[in-house]
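J.: Show me how the following folds:
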Amino acid sequence: MNPHNRYLSNVRIFAVAFSFLFASLSSAQGQNPPNTPSTVPGYVMATPPTIDGVVDDAVEWKDVPSFEGLVDAETGSPGLITAKFWLAYDSKYIYFAGKFPDADPSKIKATEYRTNVSMNGNDVIALIVDPFNNLSEFNVFQINPRGATNARIAGGRAAKREWVGEIYAKGRITPEGWEAEARIPWSIMRLPSAGVHDLRINTYRYSPRINRDHSWRYIEGSQAQNTPIWTNVTVPPGPPKVLRFLPYTYVGYDKKDKSIVNSGLDLKTQLTDSLDFVGTINPDFRNIENQVLSLDFSYFERLAGESRPFFLEGGNYFETSDDASIFTTQRINAFDVGAKVYGKLGDRTDLAILNTSDFGNRNALVFNAHNQISTHKSLRFAYSGLDGKDLRNDAFHTEFRNGAGPWDWFYQFAGTTDSETKTGQRHNTGFSYNNAGVNGDIQFSSVTDKFNPRLGFAPQTGFQGVSGSLDMTHPLKRGPLLEEGYSLFARNWDTFGGKTYLHELDVFTSSTWRNGMDFDAGYLLTEFDGNKDHVVFLSLERPRGDSYRHWQVDYQFGKVSNQDYKQTTLSLNYRPLPMLQMVGSYQIFEFGGRETQTILSANYDLGNDRSLSGRAVQQGGDWNAYVAYRRSGNAGMEYFLILGDPNAQKFRSSLILKVTYPLQILMGRHRA
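T.: Okay, here's the model as predicted:
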């Protein structure tokens, strides 16, 4: 038998193989039942600590409850590093401090110094807080040794400092390692009713030297019930209700459109302590840098990531299925007016509603409600509707999840009605396993060819069948290798008539050295639309996980659609100066011809709230570039001076000055 056909025919037995494998894993892990959650007593600090990065545990933090010890965050095995933390609060802030011993303090990395920035590649510690104790509303507060911070608020936030809020932190490197202190406003999070509550908390520490995440308690997969409890904490009354306005105006010159004048308004307020409202009138999407899709081959449509603040704000509350969502923000382009409400109705129910209107053209409405019935059980219902001049589309999604220990089971049902393609349905059910570095899932899917959520992303329709995956990660304590990993993915999807739709088998392996070098290799076999493809993937990078100084080479080759296929990608992140970050990539795509893509970008920090940035993109015979000066994130007037159009296919001779001036109106308290 042809090796290709032999591999693909074996895909049909993977469902049974995965089932037996998961059963064996469950038996093997049976001697490690879920831990009883650890507890930390709530402690009110009468005198706030001085946030200076010096953790004085003999005076300032003397009586504050502390906890220590770390495990590998991915496998739960004993940690290679440790830490000690202190946690307290008062009516305005949560106070957090920690000491982090390091065997080689000279290798501690602290590149960033700003507020609300990505700190990939830095030494980082984080406090994770779930104020509702429902194991689904986690807020993550990161700090590095220079006191740089990042706040990841549950539900998703846009990169607007006026909307995100911020934490204040200081850190320092010591002869023993490093330490840090932070002050986190209660008001930055959605909160339960005022009064005494048990909250959920955890911590993690990332060390680039060993390239591993560690946490105080292991909570991977469906084992979130192990998240420690912060007991008897008096959650304070909510802050005054504020209506925040961000009006903008931009003026300029464009060679094609001549003079340009435009204005609009963004606004935000809290309807309750846990429910937000965001609105926009004539939003400015022209001057926001969108992501650029690579030249990767795919039989199906691909989408670039979202970068528009209106959609990022509260975006997680609108999520449905990972592989066939009935709503994705990229489907909504320009519109005149938009509004969204998102957050929590009570401790266990999430709500998200969005409406955008392009006057005289189309209206989009989205609704998503999620109820955390218990620790492991949840129910979701979502709807998306598009109403245009000659088009009407409605889609709904229902989902039930239940778990026990490392196991999780789900069932999803979705349907669409469309004025052109009529009705379609999607069923999806399966289970997953996640424990001790072993992750796997198996699921059955059935999607009719008329399933068509026009506001969503479901590129694969007209099939039914089984798919499954298995990933294993194994950290090594000795020798030159830091970590090894293996993954297997297979699917056997046929048409409803019994013909082959998509049969696929992917095998990957990964090896990471202690010096940061990472090598990945994979082999893909696919049968689709009469084509039998095979592709080899090779990737080499160093150091893994550092977004500031990093290089990577990816190479793919094989046969696709009966043609030779090759792809080479070179990427480099480099920081030649403390304030200058440069990123570049070059891709060669050979498939029935030769195409190239080059992306170069740079950002120079002039301070906490000022920068010079730019990007140049070449694809085929076209190229585009822009340069911008920005003064933003200062909670005051913002300026943007932009030469060029960030998202044009070809360079446009344009110069635009954009000004945003934040305003706010005090509306009073919204709870006692």
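
J.: in the sheet, who's paired with Asp494?
T.: Gln464, Thr500 (DSSP bridges).

J.: Just give me the neighbour total for it.
T.: 16 (other C-beta atoms under 10 Å). From N, CA and C alone the C-beta is placed, and that goes for glycine too.

J.: what about the closest residue to Asp518 other than its chain neighbours, neighbour count?
T.: Nearest-residue entry for Asp518: Arg544, 4.1 Å, with adjacent residues in sequence omitted and distances by C-beta to C-beta, 6 or more residues apart in numbering. Close neighbours of Arg544, defined as other C-beta under 10 Å, add up to 20.

J.: And Arg544, what's its pLDDT?
T.: Looking at Arg544, its pLDDT is 86.

J.: repeat for Ser259
T.: For Ser259, pLDDT reads 84.

J.: What of Ala352?
T.: Confidence for Ala352, expressed as pLDDT, is 97.

J.: and what of Leu246?
T.: Listed pLDDT for Leu246 reads 88.

J.: and it, bridged to which residues?
T.: Asp266.

J.: ditto for Ser66
T.: Trp86.

J.: So it is in contact with Ala83, correct?
T.: No: assessed by C-beta atoms under 8 Å, Ser66 is found out of contact with Ala83, at 10.6 Å.

J.: where does the stretch 551-672 of the chain have low pLDDT?
T.: 633-635, 668-672 (pLDDT under 70).

J.: Apply 80 and report the result again.
T.: 608, 632-636, 667-672 (pLDDT under 80).

J.: Which residue ranges of it form strands?
T.: Assigned by DSSP state E, counting those that start in this stretch, the stretch 551-672 of the chain shows strands spanning 563-577, 580-590, 594-605, 610-619, 622-631, 638-643, 654-660, 663-669.

J.: cool, and the stretch 1-150 of the chain?
T.: Using DSSP E, counting those that start in this stretch, strands in the stretch 1-150 of the chain cover 39-41, 66-68, 71-72, 84-89, 93-101, 124-130, 139-143, 149-152.

J.: who's more crowded, Ser66 and Ala83?
T.: Ala83 (23 against 17).

J.: what's that one in contact with, if anything?
T.: 68-70, 98-101, 125, 203, 205, 214, 216 (C-beta atoms under 8 Å, 6 or more residues apart in numbering).

J.: These, buried ones only, as a ChimeraX selection?
T.: A single ChimeraX command selects the buried members of the contacts of Ala83 (16 or more other C-beta atoms under 10 Å):
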select :70,98,99,100,125,203,205,214,216
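
J.: Closest to Asp296 out of the contacts of Ala83?
T.: Nearest to Asp296, judged by C-beta to C-beta, of the contacts of Ala83 is His214 at 33.5 Å.

J.: Check which element follows whichever strand or helix holds that closest one along the chain.
T.: His214 is part of strand 212-215, with elements assigned from DSSP states H and E. Next in sequence after strand 212-215, counting helices and strands by DSSP H and E, comes strand 229-235.

J.: how big is the angle separating that next one from strand 93-101?
T.: Counting by axes from the mean of the first three to the mean of the last three C-alpha atoms, to 10 degrees, strand 229-235 points 150 degrees away from the direction of strand 93-101.

J.: Paired strands for the strand holding His214, with orientation please.
T.: Sheet pairing for strand 212-215, using DSSP bridges, gives strand 71-72 (antiparallel), strand 195-207 (antiparallel).

J.: would JSON lines of those with distance to Met189 be doable?
T.: Below are these laid out as JSON lines (distance: least, C-beta to C-beta, whole Å):
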{"stretch": "strand 71-72", "distance to Met189": "26"}
{"stretch": "strand 195-207", "distance to Met189": "10"}
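
J.: Kindly reformat those strands as CSV containing distance to Asn402 and mean pLDDT.
T.: Formatted as CSV, the strands paired with strand 212-215 follow (distance: least, C-beta to C-beta, whole Å; pLDDT from 0 to 100):
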stretch, distance to Asn402, mean pLDDT
strand 71-72, 26, 90
strand 195-207, 20, 95
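
J.: Show the contacting residues for the nearest residue to Phe457 once chain neighbours are set aside.
T.: Spatial nearest neighbour of Phe457, excluding adjacent residues (C-beta to C-beta, 6+ apart): Thr328 at 4.5 Å. By C-beta under 8 Å, 6+ apart, the residues touching Thr328 are 303, 455-457.

J.: Let me have the strands of the stretch 551-672 of the chain in CSV, extended by distance to Ala224.
T.: Shown next, in CSV, are these (distance: least, C-beta to C-beta, whole Å):
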stretch, distance to Ala224
strand 563-577, 33
strand 580-590, 35
strand 594-605, 36
strand 610-619, 38
strand 622-631, 39
strand 638-643, 39
strand 654-660, 39
strand 663-669, 33
